[in-house]
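# got a predicted structure plus its sequence, pasted below:
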Amino acid sequence: MEVIKGTATSVRYTVNVTGDKNGISTRHHAIFKVGATTVMFASASPAVIGEGDRLIVAGRMRGRMLLAEAYRNDTAGVHDDSGIWVNFIGMVCFFLVGVVGLGWALLEPLVPELPRLDESLWWLVSLGGAVLTVLSFHCLYKWLRIRAAVGLVKGS
């Protein structure tokens, strides 16, 4: 995890909107420089970063760009992260539903009180439970990474 301190320059913003008639997803990107390093911060809400602001940014390097997970703007007195609560809630919900699906499929022969699943439904419940459990571990990984970045930004 990299931590960069300095003044924001070349600040620009983009918004990525995706979706259809069933729903829309919006992602805000702030791209700026701190010293010689180009930084990109993406979140569900716009970042409060202006030209000349004093920043502390934490994230991981990808090539020559820092993909920021958290920042603290000392000029504006604000801080933000790239979705710590979304990943925490996703981790908990996906894990619970995934474990219920896997548990039902694996414990069905051993627990007579569980309703019996036919073979095709058993495969669907097993596969769905496994996919959701793996997805929960991905959310756990992202949550731990964002939490570490928030700690580094607050501690600096």
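Great, that's in hand. Residues are numbered from 1 along each chain as shown.
# I'd say L102 and W122 touch.
No: with contact defined as CB atoms under 8 Å, L102 and W122 do not form a contacting pair (11.3 Å). For the C-beta atoms, the positions are set from N, CA and C on the backbone; glycine is no exception.
# domain ranges for the protein?
Here the domain assignment for the chain is 2-82, 84-143, based on automatic domain parsing.
# which one of these has the lowest average pLDDT?
Out of the domains of the chain, domain 84-143 stands lowest, with a mean of 92 (criterion: mean pLDDT).
# now the strands: where do they sit in this structure?
When assigned using DSSP state E, the strands of the chain occupy the ranges 2-20, 23-34, 37-43, 54-62, 65-73, 78-81.
# of the domains of the chain, which approaches A149 most closely?
Closest of the domains of the chain to A149 is domain 2-82, at 3.6 Å (criterion: CB to CB).
# most residues in a single helix of this structure, which one?
Across the chain, the longest stretch assigned as helix under DSSP state H is helix 119-155.
# for that one, which helices and strands make contact with it?
Using 3 or more CB pairs under 8 Å, 6 or more residues apart in numbering; DSSP states H and E, the elements in contact with helix 119-155 are strand 54-62, strand 65-73, strand 78-81, helix 84-107.
# direction included, what does the shortest one pair against?
Taking DSSP bridges as the criterion, strand 78-81 sits next to strand 65-73 (antiparallel) in its sheet.
# ok, the closest residue to L67 other than its chain neighbours to L114 distance?
Among residues not flanking L67 along the chain, G59 sits closest, at 5.0 Å (CB to CB, 6 or more residues apart in numbering). G59 is 45 Å from L114, where distance means CB to CB, to the nearest Å.
# between the two, who's got more neighbours?
Taking neighbours as other CB atoms under 10 Å, G59 and L114 compare with G59 leading, 25 against 13.
# which residues does the more buried one bridge with?
Per DSSP bridges, the residues bridged to G59 are E2, A68.
# from T9, how far off is it?
If you go by CB to CB, the gap between G59 and T9 works out to 18 Å.
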